[in-house]
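Novice: Okay, structure incoming, though there's no sequence with it:
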C-alpha cells in the first residue's frame, strides 16, 4: 500500500490528542518543554506498521488518524460490567472505529464514525464485517481495507482498550451527561436511575459509549432506542465533545492537569512507530486554541442487510461520496483516481477478467471496491455505472479506459462509487486520462468525447453530507440547563 505513519487506538484517542496539545501549550513558556514532551512520548507503546500507512500531504499538512477502540477485556476483572454481553472468545477486536481528520491549514477537525458491521471486501480477500479485519490480520489489515474500500488514506493509527478508556475518564474526574429519563442498557451495564445531569464514572462512561441496546423509562415503561449501532456512534461522537469540554474545564491547558491526563494514557495507548514527539508538538501548536464544539461530526450513510442469517450494514454509495470526499481531501470539482472507489464486474466470462481489470485500474490510483461477476457474460461494450451525483467520477474512470465506456446511471446500490462492467471491447487502462469532453460533469448530458460515452440521462442527484447528523437517542440538556 503506501508509506507512512501513525498509530492505533480508539475514539478516546481524541482525548489523548487534546491532552497532548494541552500539555505542550501549558509548557510553551517553560524551559525544557520540548525535552519533557520527548521524555513522555518515549514511554508510549508502539506498533510497527511498515509501509502500510500513507504519508501525509506535505503541501497542506492535513492528516487522517484512524482511532480504534479495541474490544479486549484481558486486563479487566472477571466481574467488571464491561464484560457484559461478551463471549469468551479471545483475540483483538475493533469495537469502535473513527477517522479524525485534522487540517492545520484552516485549523479544522472532522470526525467520521465507521459502523463495526459495515460489510466490506477485506484487503486480504473475502468479504466480512469491517470489525473482523483487525482480528484477521491486525491493524495493517484494517488500514488496508479502509484505504482500498473507502478510498481514504490513513496517515496515523491510535488504539485504546477498555482499561485505557476508563483511565482517561478517571483522569478528568468523570464526564457529565444529561439524561431526561432513567436510562439503561442491560448488555453494556449502563444503569442511570435518576434523570438530570449525571457525572459518569469510568465504568458507567464505558457502558454508555458501548450501549447498542439503549432503553429509557418513559410513561411507566421501558422504551428501546431502535437505532442500535447508529445511535451508539452518535453518542460516542457526542461523548468525545463532552470529554474534551470537561478536560478544558478541568484545566487541561494547565501543565499539571495535562500531565495527569497524559500519564493516565501513557500505559494504555498504543501508537504507530512513525508518530513522533515533534508531530505532537507541531499539532499542539497549531490547534492550541481549538474549541471542542468546532469538531465537525460525520456518519457514513448505511442501510441494513443480511448475509447468511447475520445482520450487516451496507454503504449507501450515492450519499457516502460527499462524506468520504471530506476525508479524502477532495474538492468536488477536483476529482482524482485515489478518491474514487471502483467495483469491477466480469461481463465477458473470461476467467479472472474482473481481477485483472481491477489491478490495472489500481495501478493508476483508483481505489478498489471488490470484484465479481456481471449478470451476464455477453457484454460487447464496457459500461461504467454510477449513482446520481457521481457522473464526474464515472467519466474519469471511462477516460482512463483505452476503449472508453458507456456511462449508465442506476438507482440501486453499487458497492462502490462506480462499477465497471467489462465488455469484449476492453483493451486496457491509460496512465493519463483523455481530456474531459464538454458537458461531462454531474449535470448530465451527452458525453461523446474521449470517454466514448452515450448516456444522456439528466437527474439532479446532488447529495449532502451527513455532517453533524444525530441518529438515535443522544441526551441533550434543555435550554438553560448547564451540563
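Specialist: Perfect, thanks for sending it. Owing to the predicted nature of the structure, the values given are computational and were not obtained by experimental measurement. Residues are numbered from 1 along each chain as shown.

Novice: Low-confidence regions, the stretch 351-483 of the chain specifically.
Specialist: Low-confidence segments of the stretch 351-483 of the chain (pLDDT under 70): 412-414, 436-472.

Novice: Helices along that one, start to end?
Specialist: 353-363, 391-399 (DSSP state H, counting those that start in this stretch).

Novice: ditto for the chain
Specialist: Secondary structure of the chain by DSSP state H: the helices cover 13-26, 33-41, 133-150, 162-171, 202-210, 229-249, 255-266, 277-286, 317-328, 353-363, 391-399.

Novice: still on that earlier bit, relative to residue 272, which of the helices of the stretch 351-483 of the chain is closest?
Specialist: Between residue 272 and the helices of the stretch 351-483 of the chain, the tightest spacing by C-beta to C-beta is seen for helix 353-363, at 23.8 Å. From N, CA and C alone the C-beta is placed, and that goes for glycine too.

Novice: which helices and strands sit right next to the closest one?
Specialist: strand 341-346, strand 367-373 (3 or more C-beta pairs under 8 Å, 6 or more residues apart in numbering; DSSP states H and E).

Novice: any chance of the ones you listed in CSV, with distance to residue 407 and mean neighbour count too?
Specialist: Compiled in CSV, the helices and strands packed on helix 353-363 are given as follows (distance: least, C-beta to C-beta, whole Å; neighbours: other C-beta atoms under 10 Å):
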stretch, distance to residue 407, mean neighbour count
strand 341-346, 14, 25
strand 367-373, 18, 19
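
Novice: Dump the ones you listed to TSV, plus distance to residue 159.
Specialist: Putting those into TSV (distance: least, C-beta to C-beta, whole Å) gives the following:
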stretch	distance to residue 159
strand 341-346	25
strand 367-373	24
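
Novice: And these: which comes nearest residue 102?
Specialist: strand 367-373 (21.8 Å).

Novice: now the closest one and strand 341-346, what's the angle there?
Specialist: Interaxial angle of strand 367-373 relative to strand 341-346 (axes from the mean of the first three to the mean of the last three C-alpha atoms, to 10 degrees): 20 degrees.

Novice: what residues does strand 367-373 touch?
Specialist: For strand 367-373, contacts defined as C-beta atoms under 8 Å, 6 or more residues apart in numbering pick out 121, 127, 147-151, 337-346, 354-355, 358, 361-362, 415-417.

Novice: can you do 7 Å?
Specialist: For strand 367-373, the external contacting residues (C-beta atoms under 7 Å, 6 or more residues apart in numbering) are 121, 148-149, 151, 338, 340-346, 354-355, 358, 362, 415-416.

Novice: ok, it: who's next to it in the sheet?
Specialist: Looking at strand 367-373 with DSSP bridges, its partner strands are strand 341-346 (parallel).

Novice: quick one: strands adjacent to the longest strand seen in the chain?
Specialist: Secondary structure of the chain per DSSP state E: the longest strand is strand 94-103. With DSSP bridges as the test, strand 94-103 is paired with strand 63-70 (antiparallel), strand 108-114 (antiparallel).

Novice: In contact with the closest residue to residue 197 other than its chain neighbours, which residues?
Specialist: Spatial nearest neighbour of residue 197, excluding adjacent residues (C-beta to C-beta, 6 or more residues apart in numbering): residue 483 at 3.8 Å. By C-beta under 7 Å, 6+ apart, the residues touching residue 483 are 176, 178, 197, 477.

Novice: ok, the second one touching residue 473?
Specialist: No: between residue 178 and residue 473 there is no contact under C-beta atoms under 7 Å: 12.0 Å.

Novice: neighbour-wise, which of these two wins?
Specialist: Using other C-beta atoms under 10 Å as the criterion, residue 178 and residue 473 rank with residue 473 on top: 22 against 17.

Novice: So that one is in contact with residue 225, correct?
Specialist: Yes: counting by C-beta under 7 Å, residue 225 is a contact partner of residue 473 at 4.1 Å.

Novice: if I look at the two, which residues touch both of them?
Specialist: Contacts common to residue 473 and residue 225, judged by C-beta under 7 Å, 6+ apart, are 214, 231.

Novice: Now do residue 378 against residue 349, distance only.
Specialist: Noted for residue 378: a distance of 8 Å to residue 349, by C-beta to C-beta, to the nearest Å.

Novice: Which one's more surrounded, those two?
Specialist: More crowded of residue 378 and residue 349, by other C-beta under 10 Å: residue 349, with 14 against 10.

Novice: ok, back up a step: which of the helices of the chain comes out lowest on mean pLDDT?
Specialist: Ranked by mean pLDDT, the helices of the chain end with helix 13-26 at the bottom, a mean of 39.
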